[in-house]
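**Q** whatever this is, show me its structure:
(one chain, ligands or ions: 2)
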Amino acid sequence: MNTVRLTTAQALVRFLANQYSERDGQEQRLIPGMWGIFGHGNVAGIGQALLQAATTGEADLPYYLARNEQGMVHASVAYAKMRDRLAAFACTASTGPGSTNMITGAALATTNRLPVLLLPSDMFATRAADPVLQQLEDSRGGDVTVNDTFRAVSKYFDRVSRPEQLIPAALAAMRVLTDPVETGAVTLALPQDVQAEAHDWPVSFFRRRVWHVGRPVPEPAAVDRAARLLRNAKKPLIVAGGGAVYSGAETVLRAFAEATGVPVSDTHAGKGAVAWDHPYAVGGIGSTGAYAANELAREADVVLGIGTRYSDFTTASHTVFGNPDVTFVNLNVARLDAVKHSAEPLVADARLGIQALAGALADWEVEESYRRRTRELIARTREIEDRCFTIGHSPLPAQTEILGALNDVLDDRAVVINAAGSMPGDLQQLWRARDPKAYHVEYAYSCMGYEVAAGVGAKMADPTREVVVLVGDGSYLMMAQEIVTMVSEGLKVIVVLVQNHGFASIGALSESLGSQRFGTKYRFRDGDSGRLDGEVLPVDLAANASSLGADVLHAATVDEFRAAMEKAKAAARTTVVHVETDLYGPHPPGHGWWDVPVSQVSALDSTRDAYETYAAHKHAQRHYL
Ligand SMILES: Cc1ncc(C[n+]2csc(CCOP(=O)(O)OP(=O)(O)O)c2C)c(N)n1
Ligand SMILES: [Mg+2]
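**A** Numbers count the residues shown, from 1 in each chain. Ligands and ions are numbered 1, 2, ... in the order given. Purely as a prediction, here's the structure:
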């Protein structure tokens with residue numbers, strides 16, 4: 001056998017550099033590079049291997065330095081999302097805290113079904129120097145390490161305790177990363193001594209490998225069953241989720257909606273699959289959904305879910321579908337999702353599944369009265385949106401006005417990124433996406449701190465697009481450090497920093513649940529009340545952004561914001577646009593509910609009142625059986 005003597009780390013780097021994905025005849029690098037932060041555990045293993053690869057040219061695996069390990073996982077996940085899951089970065093971290101810093105990113109990747117390869121460093125396989133710096137040292141078992149915490153959040157986990165274990169582990173990792181059903185965080189824990197250990201590797205391990213990402217075809221009988229249900233529908237509604245985007249189903253979805261007259265609502269991950277102003281686009285659905293989508297959902301007799309996992313925000317905690325006889329047809333590549341809500345499952349790639357349904361329903365369309373109803377609801381929704389955009393709130397602008405201005409100044413290919421706070425809800429109702437990549441809102445894990453780091457990954461994935469990170473002050477304070485990475489990598493990203501001195505989102509939620517916005521404002525502790533409801537803090541986040549190397553523009557009004565955005569668009573460097581908005585809204589009117597339990601007994605009037613409202617809402621909640 002032809003072999004080559006390399007360390008485990010050198011072998012892994014060489015292997016990763018030779019992996020490709022392919023779909024629809026298009027090949028691309030599956031692992032385009034590796035993010036990392038070095039410490040003991042990886043500095044001399046993976047670190048040496050990356051240096052050797054770059055120096056000798058024996059493997060092409062570019063290295064990128066992040067400022068926080070969680071941030072590098074977010075950047076990787078954003079890249080994968082932009083690339084429709086056909087490419088995934090590797091992330092190397094040092095032993096202990098460097099590695100466990102990646103846990104939140106891993107959970108985010110798995111929850112969103114987006115691929116990332118995590119390479120936490122592990123304690124010595126030989127245990128020669130135990131306990132090493134940053135080792136857990138568990139008295140209950142000698143083989144327990146902090147990296148075992150990755151198991152719960154990884155779709156594949158392996159610990160490479162001997163060099164030769166890398167071969168099956170690496171191949172299994174690629175299988176899971178490239179499987180649209182299984183994909184998520186994949187973790188290969190690498191003991192620090194094993195990383196540096198030499199082994200004679202079969203040369204064929206490093207051959208160029210192409211991982212074909214399939215488009216599973218629907219079963220004809222399942223298509224018939226699904227088509228029969230739809231054919232009998234009077235008020236059908238499509239819910240387009242992330243699967244519609246990742247499969248590139250937007251063209252066939254649009255054609256299907258036009259031919260049949262079935263309106264299309266969207267989830268956060270699905271927004272942009274059909275352009276906002278398409279005649280059958282009825283907007284976001286669910287807890288923070290738009291008027292048209294939620295009204296249609298209330299009446300719908302058959303719901304066609306396409307690539308959606310039906311999170312509680314999508315179903316408004318099982319209340320948005322109000323028709324007692326509603327039934328579901330779920331087109332999904334994953335059976336897990338296809339069978340949800342007792343649906344008629346259509347397990348297939350979204351694009352192929354829609355094409356099959358279109359064929360089976362070629363002579364069918366909804367009645368004209370239903371098309372008219374859809375048109376009327378859309379017109380009413382436009383009025384609501386326009387009011388949100390032009391409310392003229394003072395002295396501070398409302399967030400909705402800022403979003404309206406942003407809609408105006410960005411072109412169709414621009415990408416807006418967001419994840420947590422009050423903006424996802426506003427955006428789901430108000431954002432006018434025309435392109436499937438225009439709306440990049442991570443709302444499966446809704447992780448504060450995703451935003452800035454994701455800007456790095458999104459820009460790397462497609463440098464031809466304007467990337468605009470929308471970030472609240474709370475999220476900014478959690479993780480703004482990757483601005484430094486944007487600057488060092490020369491990535492021109494616009495960061496819109498929305499300062500409202502606290503949590504507009506959780507504050508409003510708290511108030512509605514009778515908890516009086518307790519602990520949701522960034523304020524001095526007040527001497528009299530003993531609570532955090534004193535003066536606004538003298539915090540200057542713009543100065544903070546500037547100190548990290550970004551150019552900063554200030555906007556105090558909506559007009560100033562427009563002008564600042566024009567400047568930011570023309571700029572060549574990372575630019576932060578700082579705007580203050582009103583913590584108290586107003587936000588778009590709500591058309592859906594979200595189940596967040598209220599204390600059943602309470603000494604507070606506000607909580608007791610909220611409980612009554614909560615109990616009334618609970619009545620509408622049901623299982624779809
Ligand atoms: C990592 C993380 N911690 C906590 C939460 C819960 N949470 C959701 S929104 C929010 C406040 C967000 O504040 P900010 O970014 O200022 O946005 P705003 O609500 O003011 O729009 C919190 C604490 C979360 N989503 N993620
Ligand atoms: Mg805030």
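
**Q** quick one: buried residues of the helix ranked longest in the chain?
**A** Secondary structure of the chain per DSSP state H: the longest helix is helix 368-389. For helix 368-389, the buried set under the neighbour-count rule, 16 or more other C-beta atoms under 10 Å, comprises 370-371, 373-374, 377-378, 381, 384-385, 388-389. C-beta coordinates here come from the backbone N, C-alpha and C atoms, glycine included.

**Q** likewise stretch 199-215?
**A** 199, 201, 205-206, 211, 213, 215.

**Q** where along the stretch 101-250 of the chain do the strands fall?
**A** 116-122, 156-159, 185-191, 198-202, 209-212, 236-240 (DSSP state E, counting those that start in this stretch).

**Q** residues contacting the most centrally placed residue in the chain?
**A** With distances taken as C-alpha atoms, centre = their mean, Glu442 lies nearest the centre of the chain, 2.6 Å away. Going by C-beta atoms under 8 Å, 6 or more residues apart in numbering, Glu442 touches 77-78, 81, 108, 112, 268, 417-419, 450, 454.

**Q** from Val73, how far out is it?
**A** 12 Å (C-beta to C-beta, to the nearest Å).

**Q** give the residues shared as contacts by these two.
**A** Joint contacts of Glu442 and Val73 (C-beta under 8 Å, 6+ apart) are Leu108.

**Q** the residue of the stretch 251-400 of the chain found nearest ligand 2: how many residues sit nearby?
**A** Ligand 2 sits closest to Gln399 of the stretch 251-400 of the chain, with a gap of 9.3 Å, by C-beta to the ion. Gln399 is flanked by 29 other residues according to other C-beta atoms under 10 Å.

**Q** roughly how far apart are the residue lying closest to it once chain neighbours are set aside and Val469?
**A** Excluding its sequence neighbours, the residue lying closest to Gln399 (C-beta to C-beta, 6 or more residues apart in numbering) is Thr581, at 4.6 Å. Thr581 sits 16 Å away from Val469, going by C-beta to C-beta.

**Q** between the two, tell me which one has more neighbours.
**A** Legend: neighbour count by other C-beta under 10 Å for Thr581 and Val469, higher for Val469 (32 against 24).

**Q** how would you label that one: helix, strand or coil?
**A** Three-state assignment for Val469 (DSSP: H, G, I helix; E, B strand; the rest coil): strand.

**Q** give me the pLDDT for it.
**A** Looking at Val469, its pLDDT reads 98.

**Q** and what of Arg562?
**A** At Arg562, pLDDT is 98.

**Q** next, it: phi, psi?
**A** phi -60, psi -50 (degrees, to the nearest 10).

**Q** distance of it relative to Asn407?
**A** According to C-beta to C-beta, Arg562 stands 11 Å off from Asn407.

**Q** can you check Ala568 too?
**A** Ala568 sits 15 Å away from Asn407, going by C-beta to C-beta.

**Q** same thing with Ser154?
**A** Counting by C-beta to C-beta, the gap from Ser154 to Asn407 is 38 Å.

**Q** neighbour-wise, which of the two wins?
**A** Per other C-beta under 10 Å, whichever of Ser154 and Asn407 has more neighbours is Ser154, with 24 against 18.

**Q** circling back: contacting residues around the residue of the stretch 251-400 of the chain closest to ligand 2?
**A** 422-423, 426, 498, 500, 504, 581-582, 585, 587.

**Q** surely Ala564 meets Val577?
**A** Yes. Ala564 is in contact with Val577 according to C-beta atoms under 8 Å; the separation is 4.8 Å.

**Q** report the set of residues contacting both of the two.
**A** 553-555.

**Q** tell me the residues on the stretch 401-550 of the chain that lie near ligand 1, please.
**A** Selection of the stretch 401-550 of the chain residues close to ligand 1 by C-beta under 6 Å from any ligand atom yields 420-423, 446-449, 472-475, 500, 503-506.

**Q** mind checking which of the residues you listed are in strands?
**A** Counting by DSSP state E, the part of these found in strands is Gly472.

**Q** out of the residues of the stretch 401-550 of the chain next to ligand 1, which are buried?
**A** Looks like these have 420-423, 446-449, 472-475, 500, 503-506 buried, using 16+ other C-beta under 10 Å.

**Q** how near is the residue of the stretch 1-150 of the chain found nearest ligand 2 to Glu58?
**A** In the stretch 1-150 of the chain, no residue comes nearer to ligand 2 than His74, which is 19.1 Å away by C-beta to the ion. According to C-beta to C-beta, His74 stands 30 Å off from Glu58.

**Q** same question, Ser529
**A** Applying C-beta to C-beta to Ser529 and Glu58 gives a distance of 65 Å.

**Q** if you count surrounding residues, which of these two has more?
**A** Higher neighbour count among Ser529 and Glu58: Glu58, with 16 against 9, using other C-beta under 10 Å.

**Q** for the more buried one, list the residues it contacts.
**A** Counted by C-beta under 8 Å, 6+ apart, Glu58 has contacts 14, 52.

**Q** please repeat the previous calculation with a cut-off of 10 Å.
**A** Counting by C-beta atoms under 10 Å, 6 or more residues apart in numbering, Glu58 touches 4, 6, 10, 13-14, 17, 49, 52, 206.

**Q** got a PyMOL select line for the buried ones in those residues?
**A** Selection command for PyMOL covering only the buried members of the contacts of Glu58, criterion 16+ other C-beta under 10 Å:
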select buried, resi 6+10+13+14+17+49+52+206
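
**Q** tell me which of the contacts of Glu58 fall in helices.
**A** Of the positions in those, 10, 13-14, 49, 52 sit in helices, assigned by DSSP H.

**Q** closest one to Arg622 out of those, please.
**A** Val13 (52.7 Å; C-beta to C-beta).

**Q** look at the nearest residue to that closest one once chain neighbours are set aside and report its pLDDT.
**A** In this structure, Val13 finds its nearest non-sequential neighbour in Ala49, 4.3 Å apart by C-beta to C-beta, 6+ apart. Here, the pLDDT recorded for Ala49 equals 98.

**Q** looks like Ala49 contacts Arg14 (just checking).
**A** Yes. Counting by C-beta atoms under 10 Å, Ala49 does reach Arg14; the two are 8.1 Å apart.

**Q** overlap in contacts of the two?
**A** Residues touching both Ala49 and Arg14 (C-beta under 10 Å, 6+ apart) are 6, 58-59, 61.

**Q** tell me which two of these sit farthest apart.
**A** Between all members of the shared contacts of Ala49 and Arg14, the farthest pair (by C-beta to C-beta) comes out as Leu6 and Leu61, at 13.6 Å.
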